[in-house]
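[1] One predicted model, sequence on top.
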Amino acid sequence: MRILAIETSCDETSAAIIERGENGRMHCVTNVIATSLALHSQTGGIIPEVAAREQAKFMVPVIKEALQDTPIDSIDAIGVTYGPGLIGSLLVGVEAAKTLAWVWNKPIIPVNHLYGHIYANWLSEIAPQESDFPALALIVSGGHTDLVFMENETSLRWIGGTRDDAAGEAFDKSGRLLGLSYPAGPTIEKYAKSGHKGVFTFPRARLDTPYDFSFSGLKTAVRNEVQKLQSQGDLTEPMTYDLCYALQEAIFDMLIQTTFKAAEDLNVKTILLGGGVTANQTLTERFRAVATEHNLAFFSPERKFSTDNAAMIGAAAIMHNTPLPWEELRANPELYFD
Ligand code: KG4
Ligand code: ZN
C-alpha cells in the first residue's frame, strides 16, 4: 500500500509518500517539511492567521516535491490530518487532499494528528511488534500531553492527560519567562546540559486522578523565581542554565512518575513515546533507563519523525485505514480520542 500523506495542523506544512510492503514494514519514501517557525519566533508564539497564510503558500510546492518520482497511478490513497489543530491551518491540508482525491479519483483517509504521533514509532527500523502489546503510549507535544492504553496495535484508549498546559507548552511558556525565543524546548534542553542539580527545585504537581498531569503550577513557580532573581539583579547566564535544568527535571519527573504508575497498574509490556518533546534526548534517555529497570520494552520515534511531519500521518493512515468519500471530510479542530 502506498499513501500520499498531508499534515498542516499547526505551523508545519508537510507531505510524504509512505508505503508498506509485503513484509509489513513501513517505508518512508519522501517526507518534505516546510515551516513558518521563524515567523513565530519573532512574535513569541503562533498567530493562527499567520500560520494559515504560510500553510497556503507552502502547500502546493511541498506536495510537488514529495511526489518527486512517484507515479500518481501508484498511490492507493491520500491520508490527511483533519484534527486536532488550528482550523485555518487544518483547512489548507484538508482542502488540498479533497481536491487531489477528486481529480485523481482516489480514496481519502482522515487521520487524527495525535494518532500520527504514536504511529511515528512504526517508521523506525525496529518498530513495535504484536508481541509488544499491551502497551502504554505517552504523547508529549506543544498542544497535548496524553496517556493512551493500547491493547493491540490498533486499539487506542485514552486514560489520562494534562488538566492545563501541555508538556511542550510548559517548556515554551517557561522559556518565554526566561527570555528564550519560541519554541523554547530545544534551547532549554541545551541550557539544561550546562545547569547544575540542586540549585533550584520546582514543585511536582500531585493530583487526585492517577493518570493526569498538571504543568501550570510550574510556570508560576518559574515566574516567581525569575522575578525574584531579576529584582536582585542575579539572573545571570549560568543561573538561567540552572533554572533550565530544574525546570526540565520537574517536567520529566512528573511525566515518568505518572506514566510508570499507569504502566504498572495496567500491566503493560511496552512504553511508546510520541510528540515534539521526544526530540529531547535527555527525556528519551531517562524513559529508556526507567523502562529497562521495570523490564519494559521502549520505543521513541526517530528525531526526524518526532516533531510534526506528514510521514507519521501516512503511518497512521496505513494502521487505521478507514477511507471516506472526499465530500464527507470535514476538518475538526477539537478532535480528540474516541
Ligand atoms: O509535536 P510538535 O511538533 O507540535 C505539536 O503537535 O504541538 O511539538 C512541538 C513542541 C514545542 O512545544 C517544542 O518546544 C517542543 O515540542 N520541543 C521540545 C524539544 N524540541 C521540540 N521540547 C523539549 N526539548 C526539545 N528538544
Ligand atoms: Zn504534533
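    That came through, no problem. Numbering: from 1, shown residues only. Ligands and ions are numbered 1, 2, ... in the order given.

[2] Without its sequence neighbours, what residue ends up closest to Asp212?
    Nearest non-adjacent residue to Asp212, counting by CB to CB, 6 or more residues apart in numbering: Gly160, 4.7 Å away. For every residue, glycine as well, the C-beta is placed using N, CA and C.

[3] hey, what's that neighbour bridged with?
    Under DSSP bridges, the beta-bridge partners of Gly160 are Leu147.

[4] Report the contact partners of it.
    If a contact means CB atoms under 8 Å, 6 or more residues apart in numbering, then Gly160 has Asp146, Leu147, Thr209, Pro210, Tyr211, Asp212, Phe213, Thr258, Ala262 as its contacts.

[5] Tell me which two in these are the farthest apart.
    Asp146 and Pro210 (14.5 Å; CB to CB).

[6] So those two - more neighbours on which side?
    Taking other CB atoms under 10 Å, Asp146 and Pro210 do not tie; Asp146 has more neighbours (25 against 12).

[7] Report pLDDT for the more buried one.
    pLDDT, Asp146: 98.

[8] Repeat that for Glu22.
    pLDDT at Glu22 comes out at 88.

[9] So which bits of the helix or strand harbouring Arg53 are buried?
    For Arg53, the host element (DSSP states H and E) is helix 48-67. Neighbour-count burial for helix 48-67, with 16 or more other CB atoms under 10 Å as criterion, is recorded at 50-56, 58-59, 62-63, 66-67.

[10] now what about that helix, what contacts it?
    Contact with helix 48-67 is made by 4, 6, 8, 10-11, 13-17, 30-34, 36, 39-40, 43, 86-89, 91-93, 96, 100, 310, as judged by CB under 8 Å, 6+ apart.

[11] Return the distance of that helix from the chain's centre.
    19 Å (CA atoms, centre = their mean, to the nearest Å).

[12] Any part of that helix near ligand 1?
    No: Helix 48-67 is not in contact with ligand 1 by CB under 6 Å from any ligand atom; minimum separation 11.7 Å.

[13] Quick one: mean pLDDT over that helix.
    Mean pLDDT, computed over helix 48-67, is 97.

[14] wait, does stretch 327-338 contact ligand 2?
    No: judged by CB under 5 Å from the ion, stretch 327-338 stays clear of ligand 2, getting no closer than 12.5 Å.

[15] okay, that stretch in CSV with CA atoms only?
    Presented in CSV, the C-alpha positions along stretch 327-338 are these (Å, rounded to 0.1, in the frame of the first residue of the first chain):
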residue,chain,number,x,y,z
GLU,A,327,-17.3,15.0,0.0
GLU,A,328,-17.7,13.8,3.6
LEU,A,329,-14.4,15.0,5.1
ARG,A,330,-14.5,18.0,7.4
ALA,A,331,-11.6,19.5,9.4
ASN,A,332,-12.2,19.2,13.2
PRO,A,333,-10.0,21.4,15.3
GLU,A,334,-11.4,19.9,18.5
LEU,A,335,-10.9,16.2,17.5
TYR,A,336,-9.7,14.0,20.4
PHE,A,337,-9.6,10.3,21.1
ASP,A,338,-12.8,8.3,20.6
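
[16] who are the neighbours in contact with Arg176?
    Gly44, Gly45, Tyr182, Ala184.

[17] Find the nearest non-adjacent residue to the first one, please.
    Right, the one you point to is Gly44. Leaving aside its sequence neighbours, Gly44 sits nearest to Tyr182 (CB to CB, 6+ apart; 5.5 Å).

[18] The one you found: neighbouring residues, count only.
    Counted with other CB under 10 Å, Tyr182 comes out at 19.

[19] residues contacting it?
    Contacts for Tyr182 (CB under 8 Å, 6+ apart) come out as Leu37, His40, Ser41, Thr43, Gly44, Gly45, Ile46, Asp172, Gly175, Arg176.

[20] name the element the residue lying closest to Leu180 once chain neighbours are set aside belongs to?
    Spatial nearest neighbour of Leu180, chain neighbours left out: Thr187 (4.8 Å); criterion: CB to CB, 6+ apart. Per DSSP H and E: Thr187 is located in helix 185-194.

[21] ok, is that helix in contact with ligand 1 or not?
    Yes: counting by CB under 6 Å from any ligand atom, ligand 1 has neighbours in helix 185-194: Gly185, Pro186, Glu189.

[22] Which one of the residues you listed sits in the busiest neighbourhood?
    Gly185 leads the residues of helix 185-194 next to ligand 1 on contacts (other CB under 10 Å) with 26 neighbours.

[23] Give me the distance between the closest residue to that residue other than its chain neighbours and ligand 1.
    Closest residue to Gly185 apart from its sequence neighbours, by CB to CB, 6+ apart: Phe171 at 4.1 Å. Going from Phe171 to ligand 1 by CB to the nearest ligand atom, to the nearest Å gives 5 Å.

[24] which parts of stretch 133-147 are buried?
    Neighbour-count burial for stretch 133-147 [16+ other CB under 10 Å]: 133, 135-147.

[25] Return only those of the contacts of helix 48-67 found close to ligand 1.
    Residues of the contacts of helix 48-67 in contact with ligand 1 (CB under 6 Å from any ligand atom): Cys10.
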